[in-house]
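**Student:** Here's a sequence, model it:
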Amino acid sequence: MSIHLVIIDALNLIRRVHAVQPDPSDIERTIQTTSRTLRRIVDEAQPTHIIAVFDHHEQDRGWRGDILPEYKQNRKPMPEPLYNGLDKIQDAWWQLGIDSLLSEGDEADDLVATLAVKVASHGEKVTIISTDKAIANCSPRLCKSEITSNIAGWMRPSLSKNLG
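**Tutor:** Numbers count the residues shown, from 1 in each chain. Below you'll find the predicted structure:
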């Protein structure tokens with residue numbers, strides 16, 4: 001059986017959706033919007049496996065901040081209502097059949113790249129859902145299979161590109 005793994009850069013999606021909500025404290029609307037987006041992804045991509053990868057929830061910059069003091073130094077902190085609503089969002093996604101991967105102190109892009117390269121190196125298909133340009137470093141040249149990054153294509157008309 002061939003595998004098609006869809007990897008969601010969770011906080012990338014959540015923060016982008018939340019940023020355009022009229023009421024920043026309305027986490028239910030963020031849940032509804034992200035859930036609708038995820039259902040569309042599942043319907044269109046037809047993955048055999050799907051996982052939402054989260055950055056560590058803490059407001060610090062993790063181990064990279066220790067090594068590179070300027071890393072994410074200018075990033076705005078997560079709005080408090082969103083931070084407090086992350087568990088509800090994860091629960092809603094769980095109800096859709098989407099499990100979460102969190103690793104204390106690790107960045108989602110590191111986890112996404114690790115999963116994508118490991119799965120693709122076995123000749124399986126991987127689709128990454130993210131607007132993070134750093135994902136482009138996870139290239140098919142690093143493995144011998146297809147890694148596709150969808151740049152928010154499920155939040156507006158499809159826009160996919162093969163990285164390479």
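**Student:** CA atoms for contacts and neighbours, from now on please.
**Tutor:** Fine.
**Student:** For the helix or strand containing residue 11, the averaged confidence score.
**Tutor:** Using DSSP states H and E, residue 11 sits in helix 10-19. Average pLDDT, helix 10-19: 92.
**Student:** contacting residues around it?
**Tutor:** With contact meaning Cα atoms under 8 Å, 6 or more residues apart in numbering, helix 10-19 is reached by 24, 27, 30, 33-34, 52-55, 82, 108, 130-132.
**Student:** Out of the residues you listed, name the ones that lie in strands.
**Tutor:** Among these, DSSP state E puts 52, 53 in strands.
**Student:** Now list the buried members of the contacts of helix 10-19.
**Tutor:** Restricting these to buried positions leaves 27, 30, 33, 34, 52, 53, 54, 55, 82, 108, 130, 131, with burial counted as 16 or more other Cα atoms under 10 Å.
**Student:** could I get the residues you listed as JSON lines with distance to residue 13?
**Tutor:** Formatted as JSON lines, these follow (distance: Cα to Cα, whole Å):
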{"residue": "27", "distance to residue 13": "14"}
{"residue": "30", "distance to residue 13": "10"}
{"residue": "33", "distance to residue 13": "10"}
{"residue": "34", "distance to residue 13": "7"}
{"residue": "52", "distance to residue 13": "10"}
{"residue": "53", "distance to residue 13": "11"}
{"residue": "54", "distance to residue 13": "10"}
{"residue": "55", "distance to residue 13": "12"}
{"residue": "82", "distance to residue 13": "12"}
{"residue": "108", "distance to residue 13": "12"}
{"residue": "130", "distance to residue 13": "7"}
{"residue": "131", "distance to residue 13": "8"}
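**Student:** wait, which of the residues you listed is closest to residue 1?
**Tutor:** Nearest to residue 1 among these is residue 52, at 22.3 Å by Cα to Cα.
**Student:** That closest one reaches residue 100, doesn't it?
**Tutor:** Yes: counting by Cα atoms under 8 Å, residue 52 touches residue 100, with 4.7 Å between them.
**Student:** and the closest residue to residue 98 other than its chain neighbours, what does it touch?
**Tutor:** In this structure, residue 98 finds its nearest non-sequential neighbour in residue 51, 5.6 Å apart by Cα to Cα, 6 or more residues apart in numbering. Contact analysis of residue 51 by Cα under 8 Å, 6+ apart lists 5, 6, 7, 8, 98, 99, 100, 101.
**Student:** Just the buried ones from the residues you listed?
**Tutor:** 5, 6, 7, 8, 98, 100, 101.
**Student:** Might you report the residue contacts of the second one?
**Tutor:** Counting by Cα under 8 Å, 6+ apart, residue 6 touches 45, 47, 49, 50, 51, 126, 127, 128, 129.
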